[in-house]
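Q: when you get a sec, could you give me coordinates for this:
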Amino acid sequence: MSDKINIIPKPLFIEDFEKTFAMQAGAVSLHITGSNSEYIYRRIRTAFSVAGIRVSNEGFPVHVNVLSSVVDCESKIADESYSFSSSKDGVCVEAKELAGAFYGCISVAQLINGCEGDFPVLSIKDKPEFCWRGFLLDTCRSFYSVNFIKKMLDSCALHKLNVFHWHLTDDQGWRFNVPDFPRLTEVGSVRQDLTVPSSEEGFYDEGKTFRRWYTDEEIKEIVCYAQERCIQIVPEIEFPGHSSALLAAYPEYGCTGGPYNVENRWGIFPDVMCLGNDEVFTIYKAALCKIVELFPGKYIHIGGDECLPDRWAKCPKCLLRMKKEGLDTPAQLQAWGTAKIAAMVASLGKIPIGWDEVLDNNKHNKLPDNVIVQSWRGTEGGVKAAAMNHSVIMSPCEFFYLNLKNKDSFEEPGRLGVTTVKKTYSFSPVSSEFEKLEQKKLILGGECALWTEKLPHSRNAEYLLFPRFCAAAESLWLPAEKKDFEDFRHRLEIHKKLLHSLDYRFYEGDLE
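A: Numbers count the residues shown, from 1 in each chain. A predicted model of the protein is given here:
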């Protein structure tokens, strides 16, 4: 196969005619066929801009035919398949729906960037193996600018990821405004970071406090930016643990009554929401209603991970709740609370997602059928959830947590372990652990994640992300039997030139 075919993620079927033709790189002219051509033109122009390709009347001809008259539909899974063929007269991209045309043009743009003026003559038929191809960004441990989030959305589009999982609340910060509870941002976004040494320009400086959250206008701007790139945003509100920021703002919702602090440490903390207090659900209802107002997508992530039951075991209100609900242990309170929050999300017309701990301690409160389970503590949670007929998102930390080190060296940034590019590439959401075809069909796909403890600077975040981000994207696009790491390694060398030209910082050491 030609060295010019450098697309990441690799297309499913490629017919290479082993010929090339000369073309001027850097600009294309667009010719749109089908309904809503002006709207489609704007979106396709965005696809080329993501890869640094200009659209010009004098550019290389790209003909795009979208067969469906429906250009956006939140109510169903998009058909993301496409085909294209190239010749000296131009490129023809055809797709049933806009998303497929968008990804077809991403592939064309990557080829233009890598061909160095000699475009390959070929035919491609492509579609993703999984409908859920996501990236999680934690903006609580470290707060990032709107511009950086947009840059990450561009990187998602460039690698054909279609979900941006936005982690908006945690112990270290609450990042969006809830008008009925203003202290969530007035207090919950503020923390004092004790970093050393102090500096005048530093983002989090010793002895200083910072207030950081995203305004409604910024969130709407980001949502629009994502939609233009065929990306759905899934917002996350943590419940019932990882709630120090909320409790610092409203201590009456904790078991002890406080005082609490917005945490400037990393870890798992004992103070969580008091599930013996009915008013807890009032503040969450207000927050969820605000989320629905800001985010038009179908899903809301309700957290559920790493919640310690220690405070519940000693809280009179929680003990009374246990007795009233017939629960045997304090830990079972989480399943009771999860069922209530899931019902609240459903009443707002959305689908809840929870980390795999939502499967635990469910003796008296079955996990509601509509909850999607995101498996992060390995793959076992996903296997268990599928066996219980729940849809599943795979995010095993040992493969897909990109805050881990790229290699085992004290000189490398990252924490909590090592995940090489090859190891990330080796993971596929569906494995032999799923015994039945029906269970395999419940695996929607997966997400790679960047948790941002000790990552206040976005350039360092990029270094940890790339190129493992590229490996994860290909692992979520191709079926396992189509993956080839050595072929990926070769294409990655060309792809790095594109990343560099687009001003992404990336790790350049050993891949395995």
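Q: could you use CA atoms for every contact and neighbour count after this?
A: Will do.
Q: what about residue 339, which helix or strand?
A: Secondary-structure element containing residue 339, defined by DSSP states H and E: helix 332-347.
Q: off-centre distance for that helix?
A: 23 Å (CA atoms, centre = their mean, to the nearest Å).
Q: packing partners for that helix?
A: Applying 3 or more CA pairs under 8 Å, 6 or more residues apart in numbering; DSSP states H and E, one finds that helix 332-347 makes contact with helix 280-294, strand 351-355.
Q: would you mark the buried spots in the longest one?
A: Residues of helix 280-294 classed as buried under the neighbour-count rule (16 or more other CA atoms under 10 Å) are 280-281, 283-285, 287-288, 290-292, 294.
Q: what element comes up after that helix heading to the C-terminus?
A: Downstream of helix 280-294, the next assigned helix or strand under DSSP H and E is strand 299-301.
Q: restrict the following helix or strand past that following strand to CA atoms and write it as CSV.
A: Next in sequence after strand 299-301, counting helices and strands by DSSP H and E, comes helix 310-314. Provided in CSV are the C-alpha atoms of helix 310-314 (Å, rounded to 0.1, in the frame of the first residue of the first chain):
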residue,chain,number,x,y,z
ASP,A,310,-18.1,6.2,56.2
ARG,A,311,-20.1,9.3,57.0
TRP,A,312,-23.4,7.6,56.3
ALA,A,313,-22.6,4.9,58.9
LYS,A,314,-22.5,7.5,61.7
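Q: buried stuff in helix 310-314?
A: Per 16+ other CA under 10 Å, helix 310-314 contains these buried residues: 311-312.
Q: so how far is it off the chain centroid?
A: Distance of helix 310-314 from the chain centroid (CA atoms, centre = their mean) equals 33 Å.
Q: show me the shaky parts of the stretch 301-450 of the chain.
A: 435 (pLDDT under 70).
Q: strands along that one, start to end?
A: Assigned by DSSP state E, counting those that start in this stretch, the stretch 301-450 of the chain shows strands spanning 351-355, 372-375, 392-394, 443-450.
Q: dump those to JSON lines, plus distance to residue 135 and mean neighbour count.
A: Converted to JSON lines, the strands of the stretch 301-450 of the chain look like this (distance: least, CA to CA, whole Å; neighbours: other CA atoms under 10 Å):
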{"stretch": "strand 351-355", "distance to residue 135": "15", "mean neighbour count": "24"}
{"stretch": "strand 372-375", "distance to residue 135": "13", "mean neighbour count": "27"}
{"stretch": "strand 392-394", "distance to residue 135": "11", "mean neighbour count": "30"}
{"stretch": "strand 443-450", "distance to residue 135": "5", "mean neighbour count": "25"}
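Q: between these, which one is nearest to residue 138?
A: Closest to residue 138 of the strands of the stretch 301-450 of the chain is strand 443-450 (CA to CA; 6.3 Å).
Q: which residues sit against the helix or strand that the closest one is followed by?
A: Counting by DSSP H and E, the element after strand 443-450 in chain order, helix or strand, is helix 458-465. With contact meaning CA atoms under 8 Å, 6 or more residues apart in numbering, helix 458-465 is reached by 144, 148, 402-406, 413-414, 450, 452, 455, 504-507.
Q: helix 458-465 vs strand 443-450, what angle?
A: Put simply, helix 458-465 runs at 130 degrees to strand 443-450, going by axes from the mean of the first three to the mean of the last three CA atoms, to 10 degrees.
Q: where does the prediction get shaky in the chain?
A: 1-2, 25, 69-77, 193-211, 435.
Q: spatially central residue for it, please.
A: residue 135 (2.3 Å; CA atoms, centre = their mean).
Q: no further queries at this time; thank you.
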